[in-house]
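Colleague: Got a sequence here, can you build the structure:
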Amino acid sequence: MPKIKTNRGAAKRFKVTGNGAIKRGKSHRRHILTKKSTKRKRQLRCPSQLHKADVAVARRMIPYA
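Modeller: A predicted model of the protein is given here:
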């Protein structure tokens, strides 16, 4: 069997946790930050888990993570 290529874009966006869940960063924190409240920006800092409907697709893209 040949090796499976990792999708490099997905590898930069997702990390697999110890129990196998997939961690992702939140969006809307790149620019236009002046109009967003401090609370909203602070909450966007913490990573969240990928929705279970998207986990199978993400695992296929990062097979060795």
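Colleague: In contact with residue 58: list those residues for me.
Modeller: 10, 14, 22, 50 (Cβ atoms under 8 Å, 6 or more residues apart in numbering). Using the backbone N, CA and C atoms, a C-beta is placed for each residue, glycine as well.
Colleague: In strands only, show me these.
Modeller: 14, 22 (DSSP state E).
Colleague: Tell me the pLDDT of residue 29.
Modeller: With respect to pLDDT, residue 29 scores 96.
Colleague: next one: phi and psi at it?
Modeller: When read as degrees, to the nearest 10, the backbone of residue 29 gives phi -130, psi 20.
Colleague: From what I see, it and residue 42 are in contact.
Modeller: No: taking Cβ atoms under 8 Å as the definition, residue 29 is not a contact partner of residue 42, at 10.2 Å.
Colleague: More neighbours: these two, which one.
Modeller: A direct count of neighbours by other Cβ atoms under 10 Å for residue 29 and residue 42 places residue 29 higher, at 14 against 9.
Colleague: Grab the nearest non-local neighbour of the more buried one.
Modeller: In space, and not counting its chain neighbours, residue 29 is closest to residue 44: 4.5 Å by Cβ to Cβ, 6 or more residues apart in numbering.
Colleague: so which helix or strand takes in the one you found?
Modeller: Residue 44 is located in helix 38-45, with elements delineated by DSSP states H and E.
Colleague: So which elements touch that helix?
Modeller: For helix 38-45, not one helix or strand is in contact under the criterion 3 or more Cβ pairs under 8 Å, 6 or more residues apart in numbering; DSSP states H and E.
Colleague: List the buried residues for stretch 57-65?
Modeller: 58, 59, 61, 62 (16 or more other Cβ atoms under 10 Å).
Colleague: who's in contact with the residue nearest to residue 29?
Modeller: Listed by Cβ under 8 Å, 6+ apart, the contact partners of residue 44 are 26, 27, 28, 29.
Colleague: distance of it from residue 7?
Modeller: 24 Å (Cβ to Cβ, to the nearest Å).
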